[in-house]
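Asker: I would like the atomic coordinates for the input below:
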Amino acid sequence: MAEAERVIGTPDTPDAGADGPDNGGEAQERPKGKRKIAVLFAVAALAYALDLVSKMIVVARLEHHEPIKLLGDWLRLEAIRNAGAAFGIGEAFTIIFTVIAAAVIVVIARLARKLYSLPWAIALGLLLGGALGNLTDRIFRSPGVFEGAVVDFIAPKDFAVFNLADSAIVCGGILIVLLSFRGLDPDGTVHKD
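Answerer: Presented below is the predicted three-dimensional model:
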C-alpha cells in the first residue's frame, strides 16, 4: 500500500518519496517555490538591466544637450541628476535614501525564501530591480560614494522627471497593493478578512 501511494501520489522524480510518508508534501512545494524565486530574480535582472542601459545612453547622448520632445510639450526626454527622492524632495538626505534602498533589497531577499506566488514574484522583482537601479546610481555616481545623484530622464508635462527604476518601483508597489486587497499572500495562500 505504501509503495502504491508513493508511486501514484508523488511526482515522477528519482528521489520521490525519499523523505518518507510524513513529509507533508514538502518535496512537492520546493520546486514550486524555486520557480517563483527564479521569476523574482529574472524580473529584477530585466528591470535592473533596462534601467542601467537606459541611464548609460542618457548620460552619453542626452546629458548637456537640449531635451528631446517625444509628444510635443506633453512628454520629453531630459537628463537631470536627482540627489533626493521623488520630485527632488530631500536632496540633503541622499545617504538615508541609500540606506532605505539597501534595506528594501535585504527585506525582499529574505521574503523570497517563502515565495510561492507568481504575481508576488513579479511585484517583488520589479521592486528589487528598481531599488538596485537607483542604489547603483547612489553608490557609483558623483558627487561620491553613497551620495550619488540618480539619473532621471522621462519628463511628462507638469510632473516629476523619473527613470525606469522609478517606474519599476511604482508598478511593483501598485501590484503589491492590488494583491493585498485581493487577499493573496506571498506564500500563495489567499486569506479573507
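Asker: Burial check on Leu62, number of neighbours?
Answerer: Neighbour count of Leu62, defined by other Cβ atoms under 10 Å: 17. In short, each C-beta sits where N, CA and C put it, glycine included.
Asker: Contact partners for it?
Answerer: Leu62 makes contact with Ile68, Leu77, Glu78, Ala79, Phe153, according to Cβ atoms under 8 Å, 6 or more residues apart in numbering.
Asker: repeat that for 7 Å
Answerer: Residues in contact with Leu62 (Cβ atoms under 7 Å, 6 or more residues apart in numbering) are Ile68, Leu77, Ala79, Phe153.
Asker: Tell me the buried residues in the host helix or strand of Val106?
Answerer: According to DSSP states H and E, Val106 maps onto helix 94-111. For helix 94-111, a neighbour-count test (16 or more other Cβ atoms under 10 Å) marks Thr94, Phe97, Thr98, Ala101, Ala102, Val104, Ile105, Ile108 as buried.
Asker: which stretches of this structure have low pLDDT?
Answerer: 1-35, 85-93, 193 (pLDDT under 70).
Asker: make it 50
Answerer: Along the chain, the parts satisfying pLDDT under 50 run over 1-31.
Asker: Strands of that one, start to end?
Answerer: Assigned by DSSP state E, the chain shows strands spanning 68-69, 75-82, 150-156.
Asker: count of neighbours near Phe140?
Answerer: The tally of other residues near Phe140 (other Cβ under 10 Å) stands at 11.
Asker: correct me, but it touches Val150?
Answerer: No - applying Cβ atoms under 7 Å, one finds Phe140 not in contact with Val150, separated by 11.0 Å.
Asker: Give me the contact list for stretch 141-151.
Answerer: Residues outside stretch 141-151 that contact it (Cβ under 7 Å, 6+ apart): 55, 58-59, 79, 81-83, 94-95, 98, 134, 137-140, 163.
Asker: biggest helix in this protein by residues?
Answerer: Longest helix of the chain, by residue count under DSSP state H: helix 26-61.
Asker: Check which helices and strands that helix sits against.
Answerer: helix 118-140, strand 150-156, helix 164-182 (3 or more Cβ pairs under 7 Å, 6 or more residues apart in numbering; DSSP states H and E).
Asker: and which of the contacts of Leu62 is nearest to Val170?
Answerer: Phe153 (15.7 Å; Cβ to Cβ).
Asker: residues contacting the closest one?
Answerer: Here Phe153 is in contact with Val58, Leu62, Leu77, Glu78, Ala79, Val161, Asn163 (criterion: Cβ under 7 Å, 6+ apart).
Asker: Nice, that's everything, thank you.
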